[in-house]
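**Student:** Kindly generate the corresponding structure for this input.
(3 chains)
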Amino acid sequence: MHQQINSRQYFSIELLTWYERSKRDLPWRRSRNPYYIWVSEIMLQQTRVDTVIPYFERFIDRFPTIEALATAPEEDVLKCWEGLGYYSRARNLQTAAQQVVELHGGKVPDDTSAVAALKGVGPYTTGAIMSIAFNRPEPAVDGNVMRVLSRYFLIEEDIVKVGTRKLMEKLVVELIPDGRASDFNQALMELGALVCTPKSPSCLTCPVMAYCAGRIEGMEMQLPIKSKSKPPRPELRYVALVEGTGEHADKVLVRRRPDTGLLAKMWELPHVLTEQKNRNSNQKAAEIKANNKLSENNSSHLMLDALASPLDAELLTAGFPAKLQQHFMNIEHIFSHILWEMHVFKYVEIEQAEQVLVAVAEQQQTYDVNHLGDESLEYRWITQADMESLTFPNVFLKILNQYFNNHKSI
DNA sequence: CAACCGTGGAT
DNA sequence: TATCCAAGGTT
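**Tutor:** Now for the predicted structure:
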């Protein structure tokens, strides 16, 4: 009669009740097709729901089945992922689809070890697929879950540490009500996304506020404990927007990035990394000011050359001699760990290449060969229409669209 | 472990 | 403007 209310049972029951009432209508929740669940979970890695939705719809439309994805050209898959970021997810997903076709008859296996063995599927995604698609009582601990649990149970472990995630996984397994793994795991994440948010959580509308230890102790704003990450390192890069002439009229020179590393296999504008030691804000401001001034006055070719000459050398070395015309734009792009400060210069292709070949040798002596570009990269002249079949990272899309839509005729 | 791997929204 | 960080995984 006076049996003590179990804080854990209360949590699970109230959370499930709330979820039934409050869950969002999301495209991947309209079925239990394991393939749909899988695709959505890969896309949702480090990516917001609102961003994913249109990509998910397009992707399923374009690759309706695992078989279709497995047999599609890799470029098509990458193109479908254009703008979403973390592009290795797309290539891993297709590789995993091929795994599923070869090893599991084209169906996502209802087997934790087999799912965990798929490319691009880690501990979280394994649990998400097993629980959401197959209702197996596996933990799916992501950032939302760690935030919710760290607050409700007042866990002060650093959520960046792997051990903390494993601790939470054990806890989740104990919390999952019998036969309710799918809804419970989604409810946990849904609460983190809608109520128990990182900043200013909506505790007053939270279904489990009454026994939330973090809230009771007034610690909800301090939790979860998370060590800070390093700021991205700045890199100054000079970018060439080379306008074709003659048979390359109305075209721009692009190249494809190497098969591995940052933005692997994607297309880009030619560019070079420049040395920038001890660049303080004053130097930076002065340089930008100089560039802006030059863009208004094309007669100062000496200074333009001084600024962009490593880029001239890069183009020469690649076999595309071009004449610097004007400063085009500056743009800043932040990756997870790198900050690209890009100075874009417009060039015009020099048709009489023979006349310039002599200069190549001189240029190569002027600049350290090690700093010149990879000569094995594939270069191509493209029109704006060609962009539909090539995949560009967003930073270069912005520059190219600016050029083709606003400045091409200048 | 810690570094690498994109992008954009929110505050 | 600066910082965080979102349904993480791989090396």
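
**Student:** neighbours of the residue of chain A found nearest DNA strand B, just the number please.
**Tutor:** Nearest residue of chain A to DNA strand B: A:G85, at 2.6 Å (C-beta to the nearest atom of the strand). Every C-beta, even on glycine, is put in place using the N, C-alpha and C of the backbone. Using other C-beta atoms under 10 Å, A:G85 has 16 other residues around it.

**Student:** cool, A:L171 as well?
**Tutor:** For A:L171, the neighbour count with other C-beta under 10 Å is 17.

**Student:** got it, and the one 10 residues further on?
**Tutor:** Taking other C-beta under 10 Å as the criterion, the count of residues near A:A181 is 23.

**Student:** can you pull the contacts of it?
**Tutor:** Residues near A:A181 by C-beta atoms under 8 Å, 6 or more residues apart in numbering: A:M130, A:S131, A:N135, A:R136, A:P137, A:E138.

**Student:** Quick check: the two most widely separated of those?
**Tutor:** A:N135 and A:E138 (9.7 Å; C-beta to C-beta).

**Student:** Between these two, which has more neighbouring residues?
**Tutor:** For A:N135 versus A:E138, the count of surrounding residues by other C-beta under 10 Å is larger for A:E138: 23 against 17.

**Student:** these two touch, right, that one and A:T125?
**Tutor:** No - applying C-beta atoms under 8 Å, one finds A:E138 not in contact with A:T125, separated by 10.7 Å.

**Student:** which strands and helices sit next to whatever helix or strand A:V254 lives in?
**Tutor:** Per DSSP states H and E: A:V254 is located in strand A:252-256. Other elements packing on strand A:252-256 under the criterion 3 or more C-beta pairs under 8 Å, 6 or more residues apart in numbering; DSSP states H and E are strand A:233-243, strand A:267-268, strand A:379-382.

**Student:** So for the residue minimising distance to the centre of chain A, what's the pLDDT?
**Tutor:** In chain A, the centroid-proximal residue (C-alpha atoms, centre = their mean) is A:G85; its distance is 2.4 Å. Looking at A:G85, its pLDDT stands at 97.

**Student:** In three-state terms, label it for me.
**Tutor:** Put simply, A:G85 is coil when judged by DSSP: H, G, I helix; E, B strand; the rest coil.

**Student:** Redo the helices and strands packed on strand A:252-256 as TSV? Include mean pLDDT and mean neighbour count.
**Tutor:** Supplementary listing: those in TSV, determined by pLDDT from 0 to 100; neighbours: other C-beta atoms under 10 Å:
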stretch	mean pLDDT	mean neighbour count
strand A:233-243	96	19
strand A:267-268	98	21
strand A:379-382	98	16
